[in-house]
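[1] pasting the sequence and the predicted model now:
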Amino acid sequence: MRKVLLAGIALLAVAGCGPSTTAPADKGSLALPTDSWKDFRDSFIEDWFKLDPANAVYQGRHDFDGGLPDWSAAGLKRQADFLTDAIAKASAFPDARLDKHEKFERDYLTVVAQGKLFWLTDADQPHTNPAYYVGGGLDPNTYIARNYADAPTRMKAIIKFFRNVPAAAANIKANLKTPMPLSFVNYGVAGFKGFADYYTGDAKKAFAGVKDQALQKEFDDAAAPAAKAMADLATWLEGQRGSATQGFALGADKFSRMVKLTEGVDVPLDTLEAAGKADLARNQAALKDACAKYDPGATIVACTQKAGAHKADGGPVAAARKMIPDLRAFVIAHDLVSIPGTEQALVEESPPYNRQNSAYIDPPGPFDKGVPSIYYISPPDPAWPKAEQDAFVPGYGNLLFTSVHEVMPGHFVQFLHANRSPSLFGRLFVGYAFAEGWAHYAEEMMWDAGLGNGDAETHVGQLSEALLRNCRYLSAIGMHARGMTQDQSRKMFVEQCYQDEGTAKQQAARGTYDPAYLNYTMGKLMIRKLRDDWTATHGGRRGWKAFHDQFLSYGGPPIPLVRKAMMGGDGKAVF
C-alpha cells in the first residue's frame with residue numbers, strides 16, 4: 001500500500017487544543033476562486049498543501065520540506081472549513097461551464113473532499129484514533145529513503161522536521177480522548193515508540209556520511225527532543241492501558257456513510273456484505289480444489305501449512321528481489337498492461353516503527369523524478385512465540401503474490417500510471433479502494449493469465465492472499481456494523497481464511513483502527529466487474545491490456561466514477 005496518501009488512510013481532524021505545529025496558513029490565501037475550473041482545482045491543491053505540508057512533501061513538493069500539519073484547534077478547524085467551502089464551490093460549477101474532463105475532475109474532487117471531511121468530522125479520528133497521527137506526517141522516511149537531493153540538503157530538511165515534532169506531540173496528547181480501545185493503545189504505543197527510536201537511531205545512521213560536524217550537532221540537538229516527545233507520548237498512552245475499552249466500532253450508519261463518502265459506493269449494507277460473503281465462498285471452494293491437487297487427502301489447514309512451510313531461499317527480502325524481474329517479463333510476454341518509464345522498485349526490510357502490515361510499498365510522488373520506489377517486507381514480531389514467528393514469514397507462493405500486489409503489476413505499476421495521469425488531480429489523490437483494489441485484483445488476474453502454469457502450490461498461495469482480504473472485508477463490516485468482537489475476527493481469520501495465528505491477531509487488531517480495510521476486496525470486485533462489462537464489447541480477453549491501461553490512466557478516483565466514465569450511466573452497478 002502507498003504509505004501516506006491513500007485517500008482513505010490520510011485521515012484528517014477537526015478540533016483539538018494545544019500549541020500550533022506550524023504557523024497558521026494565511027486565511028486570505030485559502031479563498032478558492034470560482035472563475036474557472038482550472039484555477040479552482042489548482043488553488044485547491046496548493047491550499048491543501050499549505051494545510052497539510054507533510055502531504056506536499058510526500059508528493060515531492062520539497063518547498064514544503066520539514067512541515068507538519070497544524071493540529072491545534074484552530075488549524076484543524078481551518079481544514080474543516082476549507083473542505084466544506086471546497087465541496088460547496090465545486091458542486092456549484094454547472095455542467096454547462098465544464099468540458100467532459102473537467103466534469104470528471106469536479107466529481108473526483110468533490111468525493112475526495114467529502115471523504116476527508118468524513119474522517120475529520122464524522123468519524124472524529126484525531127480525537128479517537130492514534131492511527132490518524134502515526135500515518136499523518138510523523139514519518140521522516142521521505143527525507144531518508146528518497147534521494148531527491150544530496151544528503152546535506154535532506155539532512156537540513158529533517159532537522160526542520162524534528163523541530164516541529166514536539167509541538168505536534170503536544171497537540172496529539174491534547175486531542176486524544178481517553179479511555180480508548182486497547183488495540184488503539186497498542187497501535188499508538190508501538191507507533192510513537194518506534195518513531196522515538198527511529199529519530200535518533202536509524203535516521204541518525206542514514207546521515208552518518210555527512211562530514212559537516214556543525215550539521216551533525218544540529219541534527220542531534222533537534223532529534224533528541226523530537227524523540228523524547230514521541231517517547232513521552234508512548235509512555236502516556238501506555239498509562240491508558242488499564243482503562244482501555246473495546247469500544248472501537250463506528251456503528252452501521254457511520255460505516256455505510258464511510259463507504260459512500262470516501263469511495264462513492266452507494267449500496268445497502270446488506271448488499272455490500274453479501275458481495276463479500278460470495279467472494280469468500282468462491283475462494284474457499286477454489287482453495288479446496290487446489291489443495292486436493294497439491295496435498296490429496298489433507299485438510300485445508302494442513303494443506304495451507306504445508307504451502308506456508310515452503311519458504312523462499314535466502315529469506316523473503318532476497319527472494320522478492322529475484323521475483324520482480326521475472327514478474328515483469330511475464331507481464332510483458334502476456335501483454336497485460338503497459339509499464340511506463342524506467343523507474344525501479346527496490347526491496348528492503350521495513351523499519352521497526354512501521355511493521356503493522358506484513359508488506360507495503362512507498363512510491364515517490366509525482367513531483368519527485370527519477371526516484372525509486374521501496375517495497376518493504378516486515379519481519380515477525382520478536383515478542384511472539386517462535387512457532388508464530390516462523391508461520392508469519394510468508395511461504396513462497398504467498399510471497400510471489402505479495403510481490404505481484406506490491407510491485408508487478410500491482411502498486412508499483414499503478415503509480416507509474418498515476419504519476420503520468422493527464423489529470424493533475426489524478427496524480428495527487430489516489431484512493432484507497434482504487435489502489436488496493438487494483439493491487440489485489442492484479443493477484444487474481446496474474447493467476448488467470450497463467451502465472452505459475454497451473455501449479456497447485458502456487459494457486460494455494462494466491463488463494464491464501466485472497467482469503468486474507470476476504471476476512472478483512474467481512475471483519476470491517478462485522479466489527480464496525482454487526483457487533484463482532486476483535487477475538488471473533490481473529491477466529492474468522494484462522495478458521496475461515498486459514499491464516500496463521502500471528503497474522504490473524506495482527507489483522508483483527510488492524511480492523512479496529514482501519515475500518516476501511518475492506519477496500520482491498522471491495523475494490524477488486526468493482527474492478528473485475530468493470531473489466532468484464534467493458535471487455536464484453538472490447539475484445540474479451542484480448543481487451544485486457546486496453547482496459548487496464550485506460551483504467552489506470554484516471555489516476556486514482558473512486559471506482560464508481562471510473563465506471564461511469566467508461567460505461568456510461570450513473571456508475572452505481574458496482575457489484
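    Yep, it's here.
[2] now the helices for the stretch 401-550 of the chain?
    Secondary structure of the stretch 401-550 of the chain (DSSP state H, counting those that start in this stretch): helices located at 411-418, 424-428, 432-448, 456-481, 486-495, 501-513, 519-535, 544-553.
[3] in a markdown table: those, plus distance to Tyr376, mean pLDDT and mean neighbour count.
    The C-beta positions use only the backbone N, C-alpha and C, and glycine is treated the same way. Listed next are the helices of the stretch 401-550 of the chain as a markdown table, based on distance: least, Cβ to Cβ, whole Å; pLDDT from 0 to 100; neighbours: other Cβ atoms under 10 Å:
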| stretch | distance to Tyr376 | mean pLDDT | mean neighbour count |
| --- | --- | --- | --- |
| helix 411-418 | 12 | 97 | 26 |
| helix 424-428 | 22 | 93 | 21 |
| helix 432-448 | 14 | 98 | 26 |
| helix 456-481 | 17 | 97 | 25 |
| helix 486-495 | 22 | 98 | 18 |
| helix 501-513 | 15 | 94 | 23 |
| helix 519-535 | 18 | 98 | 23 |
| helix 544-553 | 23 | 98 | 19 |
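[4] what's the closest of those to Ala145?
    Shortest distance between Ala145 and those, using Cβ to Cβ, is found for helix 411-418: 14.8 Å.
[5] which helices and strands sit right next to the closest one?
    Other elements packing on helix 411-418 under the criterion 3 or more Cβ pairs under 8 Å, 6 or more residues apart in numbering; DSSP states H and E are strand 373-377, helix 432-448, helix 544-553.
[6] quick one: contacts of the element among helices and strands of the chain having the smallest mean pLDDT?
    Here the helix or strand of the chain ranked lowest by mean pLDDT, DSSP states H and E is helix 386-392, holding a mean of 84. By Cβ atoms under 8 Å, 6 or more residues apart in numbering, the residues outside helix 386-392 that reach it are Gln305, Gly308, Ser358, Pro380, Asp381, Pro382, Trp384, Asp500, Glu501, Gly502, Thr503.
[7] on that earlier part again, Ala290: which of the helices of the stretch 401-550 of the chain is closest?
    Nearest to Ala290, of the helices of the stretch 401-550 of the chain and by Cβ to Cβ, is helix 456-481 at 4.3 Å.
[8] now do that closest one: which elements does it pack against?
    helix 252-263, helix 269-294, helix 300-309, helix 396-406, helix 432-448, helix 486-495, helix 501-513, helix 519-535.
[9] export these as TSV, with columns for distance to Thr245.
    As requested, the helices and strands packed on helix 456-481 are arranged in TSV below (distance: least, Cβ to Cβ, whole Å):
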stretch	distance to Thr245
helix 252-263	17
helix 269-294	24
helix 300-309	33
helix 396-406	34
helix 432-448	26
helix 486-495	11
helix 501-513	11
helix 519-535	26
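[10] so which of the ones you listed comes closest to Gly370?
    helix 396-406 (20.4 Å).
[11] Pro152: neighbour count?
    Pro152 has 14 neighbours, counted by other Cβ atoms under 10 Å.
[12] any buried residues in the host helix or strand of it, and which?
    Element membership for Pro152, per DSSP states H and E: helix 151-175. Residues of helix 151-175 classed as buried by neighbour count (16 or more other Cβ atoms under 10 Å): 151, 154-159, 161-172, 175.
[13] for stretch 43-53, same thing?
    Neighbour count says stretch 43-53 has Ser43, Phe44, Ile45, Asp47, Trp48, Phe49, Lys50, Leu51, Asp52, Pro53 buried, by 16+ other Cβ under 10 Å.
[14] grab the nearest non-local neighbour of the second one.
    To tie it back to what came earlier, the one meant is Phe44. Leaving aside its chain neighbours, Phe44 sits nearest to Ala86 (5.6 Å; criterion: Cβ to Cβ, 6 or more residues apart in numbering).
[15] check Pro268 too.
    Using Cβ to Cβ, 6+ apart, the closest residue to Pro268 is Ser256 (7.9 Å).
[16] quick one: contacts for that neighbour?
    Here Ser256 is in contact with Pro268, Leu269, Ala481 (Cβ under 8 Å, 6+ apart).
[17] against Ser475, how distant is the first one?
    Meaning Pro268. Using Cβ to Cβ, to the nearest Å, we find Pro268 at a distance of 19 Å from Ser475.
[18] what does the last one give?
    Counting by Cβ to Cβ, the separation of Ala481 from Ser475 is 11 Å.
[19] for this protein, which spans come out with low pLDDT?
    1-30, 353-354, 356-357 (pLDDT under 70).
[20] returning to what we had before: reformat the helices and strands packed on helix 411-418 as CSV; add distance to Trp236.
    Shown next, in CSV, are these (distance: least, Cβ to Cβ, whole Å):
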stretch, distance to Trp236
strand 373-377, 28
helix 432-448, 30
helix 544-553, 44
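[21] for Ser338, find the nearest of these.
    Between those, helix 544-553 lies closest to Ser338; by Cβ to Cβ that is 5.2 Å.
[22] my guess is Ala149 contacts Gly60, does it?
    No - in this structure, Ala149 is not within contact of Gly60 by Cβ atoms under 8 Å, at 11.1 Å.
[23] is Glu348 in a helix, a strand, or coil?
    Following DSSP: H, G, I helix; E, B strand; the rest coil, Glu348 is assigned to strand.
[24] how about it, what does it touch?
    Contacts of Glu348 by Cβ under 8 Å, 6+ apart are Val317, Ile374, Tyr375, Tyr376, Ile377.
[25] break this protein into its domains for me.
    Listed domain ranges for the chain are 27-247, 264-567 (source: automatic domain parsing).
[26] now do the helices in the stretch 1-150 of the chain.
    So, for the stretch 1-150 of the chain - with DSSP H, counting those that start in this stretch - the helices run 37-51, 53-58, 73-91, 100-117, 125-128, 131-134, 141-145.
[27] residues contacting Gln344?
    Pro372, Ser373.
[28] state the distance from it to Arg282.
    Gln344 is 36 Å from Arg282, by Cβ to Cβ.
[29] same question, Trp37
    43 Å.
[30] neighbour-wise, which of these two wins?
    Trp37 (20 against 13).
[31] skipping adjacent residues, who's closest to the more buried one in space?
    Glu102 (4.5 Å).
[32] count the residues that sit near that neighbour.
    18.
[33] doesn't Ser36 make contact with it?
    No - here Glu102 lies out of contact with Ser36, judged by Cβ under 8 Å, at a distance of 9.2 Å.
[34] as JSON lines, the domains of the chain with distance to Phe575 would be great.
    Converted to JSON lines, the domains of the chain look like this (distance: least, Cβ to Cβ, whole Å):
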{"stretch": "domain 27-247", "distance to Phe575": "18"}
{"stretch": "domain 264-567", "distance to Phe575": "4"}
